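Novice: Prediction below, plus the sequence it came from.
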Amino acid sequence: MYIGVDCGTQSTKVVVVDVERGGILAEASCPHRLDEGENGRREQAPAEWLAALKGAFFAALERAGVPASDVRGIGVSGQQHGMVALDADGAPVYPAKLWCDTETNAQNIDLVARLGGEVGCLDKLGLVLQTGYTASKLAWLREQHPNAYRRIDSLLLPHDYLNYWLTGERVTEAGDASGTGYFDTRNRCWQLDVFAEIAPELDPAKVLPRVLEAHEPAGFVRPAVARELGLSDQVVVSSGGGDNMLGAIGTGNITPGLITLSLGTSGTVCAYSATPVECDSAMVANFCSSTGGWLPLICTMNVTSATTRVRELFGLDLAAFSEKVASAPMGAEGVTVLPFFNGERVPMLPDASADFLSLTSLNTTQANLCRGVVEGATFGLRYGLELLGDITAGASQIRLIGGGANSPIWRQMVADITGTQVICPEITDAAALGAALQVAWCDQRANGVTLEMLCERLVHLDAQSLADPHPERVAAYQPIYARYCAALEQRHGGA
Ligand SMILES: Nc1ncnc2c1ncn2[C@@H]1O[C@H](COP(=O)(O)OP(=O)(O)O)[C@@H](O)[C@H]1O
Ligand SMILES: O=C(CO)[C@@H](O)[C@H](O)COP(=O)(O)O
């Protein structure tokens with residue numbers, strides 16, 4: 001039996017997987033808080049991730065009705081880019097600044113300029129630095145909190161930190177490391193010149209974790225943690241990865257031809273590539289996958305974060321919100337929403353705020369505002385899908401994941417807005433499943449078990465969730481999407 005863990009922005013989820021019998025035995029999740037402040041500050045305490053991991057771990061095993069001593073391995077997925085800077089005792093020198101923190105935008109602009117602009121970034125890193133990546137968070141800490149910065153002994157990402165807690169090893173892998181902004185995504189190694197530009201006082205040999213191959217183990221669970229979790233000796237922990245990388249594994253997106261689209265706190269669209277990708281747009285993140293390949297991706301920062309804000313404003317639960325969305329017509333009677341409450345990454349508008357446009361005395365209804373924000377978030381993902389261009393052009397199906405994928409109306413909307421068939425995996429949290437599959441691969445590789453075999457056996461699609469694009473609605477959405485793009489152009493100069 002294997003455990004998959006996914007530390008998302010809002011909660012940590014755990015899944016228990018019986019690989020031999022091909023079954024997902026149970027899932028559980030525990031929430032964590034998000035500390036939001038002025039200037040785009042969004043931080044979390046890593047201790048909360050540990051508490052949530054333990055809570056979800058015990059709840060999932062109880063639901064599965066199996067003892068912890070049956071667990072052979074643990075795989076960990078985590079929200080990308082978060083800066084977990086630890087001192088020599090392994091304690092955070094500062095709260096983790098998250099992927100959705102835009103407080104470091106000025107530092108990012110400065111770094112891009114110092115690296116030679118977009119061309120220089122692409123040359124050195126294989127991608128263009130975005131506000132949200134770890135690099136500008138480190139530059140910000142150096143500038144704003146020099147005492148904390150001086151105490152840095154290791155620099156980890158959220159999933160690396162959970163692996164460190166589990167095993168005592170300070171390691172990472174190429175998928176998640178490629179979102180730091182000081183990693184050479186083409187050659188899958190740290191980019192030391194860029195790191196020296198950001199943090200000249202830090203010794204990279206000391207502070208940067210060792211980069212593992214995707215199939216390598218991070219280590220074994222430490223005795224103290226094994227006792228706390230009730231695990232037996234020699235429980236292996238795999239390299240793990242960023243949540244998008246492991247979401248790709250959990251949707252079977254490990255060869256070209258599929259698109260994984262996530263409606264989580266963030267929205268992401270990605271597709272596997274066997275070779276490094278050179279994309280026309282600086283907004284496409286040419287990340288590595290956590291399987292040995294590459295995973296070009298676009299990320300929008302305002303998906304369920306935006307829909308939840310409107311839902312809570314009107315005091316609606318999820319069911320009532322869905323009813324409101326369903327009761328409004330396509331296009332929300334002209335209401336256009338640019339839902340950039342948190343600033344935005346794609347389009348590249350880190351300092352933006354949200355706009356509700358074309359409101360009149362007739363169309364300003366709860367139903368239209370609810371539908372408008374869901375459509376606006378989904379148009380942002382279509383905008384990103386178009387940027388991916390050839391990378392996704394041949395793909396025939398979207399594998400839809402993340403909390404929003406639970407909504408039938410949203411699933412159909414994604415199909416109609418993208419013109420592509422949509423289907424969900426049976427499991428709610430595909431990243432946690434991907435983490436479980438990765439550790440099973442790591443554990444059983446020596447016996448000839450491949451990741452392809454594991455995906456085939458364990459990635460089950462939910463036929464009930466299938467949503468085919470409806471030709472009339474696909475056509476009707478074209479002018480509505482054009483209206484969204486025109487609003488973007490008007491408000492932000494086409495970003
Ligand atoms: N049926 C639904 N309709 C719309 N949103 C939903 C639905 N079910 C869950 N969500 C939203 O999904 C979000 C959580 O998604 P998740 O992928 O777990 O996020 P993360 O991994 O970023 O923590 C929450 O904001 C929740 O309100
Ligand atoms: O920043 C990115 C991708 O580049 C985000 O996708 C984070 O990885 C957070 O994911 P969720 O919590 O929304 O799953």
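Specialist: Thanks, I have the structure now. Ligands and ions are numbered 1, 2, ... in the order given.

Novice: Every contact and neighbour count from this point should use C-alpha atoms.
Specialist: Noted.

Novice: pLDDT (mean, whole number) over stretch 480-495?
Specialist: Taken as a whole, stretch 480-495 carries a mean pLDDT of 91.

Novice: Now it: buried residues?
Specialist: For stretch 480-495, burial by neighbour count (16 or more other CA atoms under 10 Å) applies to 480-481, 483-485, 487-488.

Novice: what's next to that stretch, contact-wise?
Specialist: Applying CA atoms under 8 Å, 6 or more residues apart in numbering, the contact partners of stretch 480-495 are 331, 336-338, 347-349, 376, 379.

Novice: Check stretch 399-409 too.
Specialist: Here stretch 399-409 has contacts from 247, 251, 258-264, 304, 322, 325-326, 410-411, 422-425, 428-430, 465, using CA under 8 Å, 6+ apart.

Novice: how about low-confidence regions in the stretch 301-450 of the chain?
Specialist: Low-confidence segments of the stretch 301-450 of the chain (pLDDT under 70): none present.

Novice: Quick check: pLDDT value at the closest residue to Q234 other than its chain neighbours.
Specialist: Distances taken as CA to CA, 6 or more residues apart in numbering place F220 nearest to Q234, at 5.7 Å, with adjacent residues excluded. Note for F220: predicted pLDDT of 98.

Novice: Can you pull out the low-pLDDT segments for the stretch 101-250 of the chain?
Specialist: For the stretch 101-250 of the chain, no range has pLDDT under 70.

Novice: name the element C442 belongs to?
Specialist: Element membership of C442 [criterion: DSSP states H and E] is helix 430-444.

Novice: Could I get the buried residue list for that helix?
Specialist: 430-443.

Novice: again, but for stretch 99-111
Specialist: 99-105, 107-108, 111.

Novice: Stretch 204-215 too?
Specialist: 204, 207-209, 211-215.

Novice: repeat for stretch 141-161
Specialist: Quick answer for stretch 141-161 (16+ other CA under 10 Å): 141-142, 148-149, 151-161.

Novice: State the pair within those residues that is farthest apart.
Specialist: Taking CA to CA, the two most distant members of the buried residues of stretch 141-161 are R142 and H159; they sit 22.9 Å apart.

Novice: re the thing from before, just send the buried residues of stretch 204-215 back as TSV, with secondary structure and distance to ligand 1 too.
Specialist: What follows is those, written out as TSV (DSSP: H, G, I helix; E, B strand; the rest coil; distance: CA to the nearest ligand atom, whole Å):
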residue	secondary structure	distance to ligand 1
P204	helix	30
V207	helix	28
L208	coil	26
P209	coil	24
V211	strand	25
L212	strand	24
E213	coil	25
A214	coil	22
H215	coil	24
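
Novice: with these in mind, which one is nearest to L86?
Specialist: Closest to L86, out of all of the buried residues of stretch 204-215 and judged by CA to CA, is V207, at 9.0 Å.

Novice: Can you name the residues that contact that closest one?
Specialist: Here V207 is in contact with 152-155 (CA under 8 Å, 6+ apart).

Novice: Using TSV, lay out the residues you listed together with distance to D317 and secondary structure.
Specialist: Formatted as TSV, these follow (distance: CA to CA, whole Å; DSSP: H, G, I helix; E, B strand; the rest coil):
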residue	distance to D317	secondary structure
I152	43	coil
D153	44	coil
S154	42	strand
L155	39	strand
